[in-house]
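Participant: Got a predicted structure here, sequence first:
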Amino acid sequence: MNTNHLSLKLFLNSQQQAHKTDQNLCSLIESIAHTCQKISGLVSQGALENVLGSAESSNIQGETQQKLDVLTNNMLIDSCQASGFLSGLASEELDEILITPSQYSSGDYLLLFDPLDGSSNIDVNVSIGTIFSILKKPTHHNLISEKDFLQKGSEQVAAGYVLYGPQTTLVLTLGQGVFMFTLDKSTKEYLLTRENVLIPEDSKEFSINMSNMRHWAPPVRKYVEECLAGSTGPRQKDFNMRWIASMVADVHRILTRGGIFMYPWDQREPGKPGKLRLMYEANPMSFLIEQAGGASINSQQNILSIQPLKLHERVSVILGSKNEVAKLLEYHQGL
Ligand code: AHG
Ligand code: MN
Ligand code: MN
């Protein structure tokens, strides 16, 4: 092990000193990271722990839940409620918000999470993850309700994800840049392995589920057709394509080497703005991407400036390298 790597704990201490980050927020993040370290262990045991396959239940969005969706949701609820730093939490896998029960102390923060992102990849042993977003409880009242969670993404005080891939990686922002930590499985400690991540402004790699091409709106189709035309088309360069079907893994690649990720509105369900969830997926990922110098829009506006109207709201997502996102914005504005 390279002993020069700072532990998550020491990193958070340094943030407290440098930016006056609240100690309770740091402790909450440590608690989430600790639970994800346990999830990482469970994920890697797979069939040996009988955690693969369907739970034969469905969530409020009508999606079939996998065993790991349910298990990870319960693990995060139990540990984060008991941490004493939360007034309440909301999850992709819960119908309604959970107010911290009276047996635990209540704190200043609200937590939102996608406990297991990339469910379709669990059984095929492809990277999956946990995504989280932390908001401050509005101070004007004591009893919280769903309305308190409906804050714009720009209000997030911290966000991140843990990727369960060949390595387990925690990626975190507290609004002062993006930091990556690798879990050392022998000591169960997260160690800082990349600081102040910056996404290249230009890219030659796009990420979208191409099987939906015939359903896309014209601006998205135009953008992708130009990428496919390569060096002999208007973009005058060849593009590469990647689609992992775990947002957490696709966004991690973009934070690592640039690119653009799209899950846009399409005609399959025209009444729905998109597939991905604003509060559990789009907001935390957009916060990370913007903190790394990238951009994130639905199609017309910055995702972080969207006023949420309901907890399980869906949204179209286009994020990644700044100049590529700008091109898609232009196309949507008819320029
Ligand atoms: P989840 O497993 O939390 O429901 O999220 C899956 C999401 C996202 O991670 C991924 O980008 C997208 O669904 C994949 O969708 P397709 O299967 O339609 O490509
Ligand atoms: Mn997800
Ligand atoms: Mn999920």
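Facilitator: Arrived safely, thanks for sending. Ligands and ions are numbered 1, 2, ... in the order given.
Participant: rest of the way, CA atoms for contacts and neighbours
Facilitator: Will do.
Participant: So which residues of the stretch 51-200 of the chain form strands?
Facilitator: For the stretch 51-200 of the chain, the strands defined by DSSP state E, counting those that start in this stretch occupy 54-58, 64-66, 86-91, 98-99, 109-117, 128-136, 158-164, 168-173, 178-184, 189-194.
Participant: quick one: which of those strands is nearest ligand 3?
Facilitator: Of all the strands of the stretch 51-200 of the chain, strand 109-117 sits nearest to ligand 3, with 4.0 Å by C-alpha to the ion.
Participant: I am assuming residue 128 contacts residue 120, so please confirm or correct that.
Facilitator: No. Between residue 128 and residue 120 there is no contact under C-alpha atoms under 8 Å: 9.0 Å.
Participant: Between these two, which has more neighbouring residues?
Facilitator: residue 128 (25 against 15; other C-alpha atoms under 10 Å).
Participant: Helices of the stretch 151-300 of the chain, start to end?
Facilitator: Secondary structure of the stretch 151-300 of the chain (DSSP state H, counting those that start in this stretch): helices at 218-229, 247-257, 283-291.
Participant: Residues contacting the shortest one, please?
Facilitator: In this structure, residues lying in contact with helix 283-291 by C-alpha atoms under 8 Å, 6 or more residues apart in numbering are 131-133, 153-154, 156, 159-160, 172-173, 175-178, 199, 251, 255, 295-296, 303-304, 319-320.
Participant: Helix or strand: which one has residue 25?
Facilitator: Using DSSP states H and E, residue 25 sits within helix 23-45.
Participant: Distance from the chain centre to that helix, please.
Facilitator: Relative to the chain's own centre, helix 23-45 is displaced by 15 Å; criterion: C-alpha atoms, centre = their mean, to the nearest Å.
Participant: how about the CA coordinates for that helix, as CSV?
Facilitator: What follows is helix 23-45, C-alpha atoms only, in CSV (Å, rounded to 0.1, in the frame of the first residue of the first chain):
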residue,chain,number,x,y,z
GLN,A,23,-18.3,18.3,11.4
ASN,A,24,-21.7,16.6,11.4
LEU,A,25,-21.8,16.7,7.6
CYS,A,26,-18.3,15.1,7.5
SER,A,27,-19.5,12.4,10.0
LEU,A,28,-22.6,11.8,7.9
ILE,A,29,-20.4,11.2,4.8
GLU,A,30,-18.2,8.8,6.8
SER,A,31,-21.3,6.9,7.8
ILE,A,32,-22.5,6.6,4.2
ALA,A,33,-19.0,5.6,3.1
HIS,A,34,-18.8,3.0,5.8
THR,A,35,-22.2,1.4,4.8
CYS,A,36,-21.0,1.4,1.1
GLN,A,37,-17.9,-0.4,2.2
LYS,A,38,-20.2,-3.2,3.6
ILE,A,39,-22.3,-3.1,0.4
SER,A,40,-19.1,-3.5,-1.6
GLY,A,41,-18.3,-6.7,0.3
LEU,A,42,-21.8,-8.1,-0.2
VAL,A,43,-21.8,-7.2,-4.0
SER,A,44,-18.5,-9.0,-4.4
GLN,A,45,-19.8,-12.2,-2.7
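Participant: Packing partners of that helix?
Facilitator: When contacts are defined as 3 or more C-alpha pairs under 8 Å, 6 or more residues apart in numbering; DSSP states H and E, helix 23-45 sits against helix 8-19, helix 67-82, strand 158-164.
Participant: what angle separates that helix from strand 128-136?
Facilitator: Following axes from the mean of the first three to the mean of the last three C-alpha atoms, to 10 degrees, one obtains 170 degrees for the angle between helix 23-45 and strand 128-136.
Participant: can I see the domain layout of the protein?
Facilitator: The record's domain parsing of the chain by automatic domain parsing lists 3-194, 205-332.
Participant: now those in CSV, with mean pLDDT?
Facilitator: Formatted as CSV, those follow (pLDDT from 0 to 100):
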stretch, mean pLDDT
domain 3-194, 96
domain 205-332, 98
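Participant: Turn these into JSON lines, including distance to ligand 1.
Facilitator: Formatted as JSON lines, these follow (distance: least, C-alpha to the nearest ligand atom, whole Å):
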{"stretch": "domain 3-194", "distance to ligand 1": "4"}
{"stretch": "domain 205-332", "distance to ligand 1": "4"}
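Participant: Neighbours of residue 4, how many?
Facilitator: Residue 4 has 9 neighbouring residues, counting by other C-alpha under 10 Å.
Participant: Residue 80 contacts residue 28, correct?
Facilitator: Yes. Counting by C-alpha under 8 Å, residue 80 does reach residue 28; the two are 7.4 Å apart.
Participant: roughly how far apart are residue 277 and ligand 3?
Facilitator: As judged by C-alpha to the ion, to the nearest Å, residue 277 and ligand 3 stand 10 Å apart.
Participant: if I pick the closest residue to that residue other than its chain neighbours, what's in contact with it?
Facilitator: Distances taken as C-alpha to C-alpha, 6 or more residues apart in numbering place residue 314 nearest to residue 277, at 4.3 Å, with adjacent residues excluded. By C-alpha under 8 Å, 6+ apart, the contact list for residue 314 reads 272, 273, 274, 275, 276, 277, 278.
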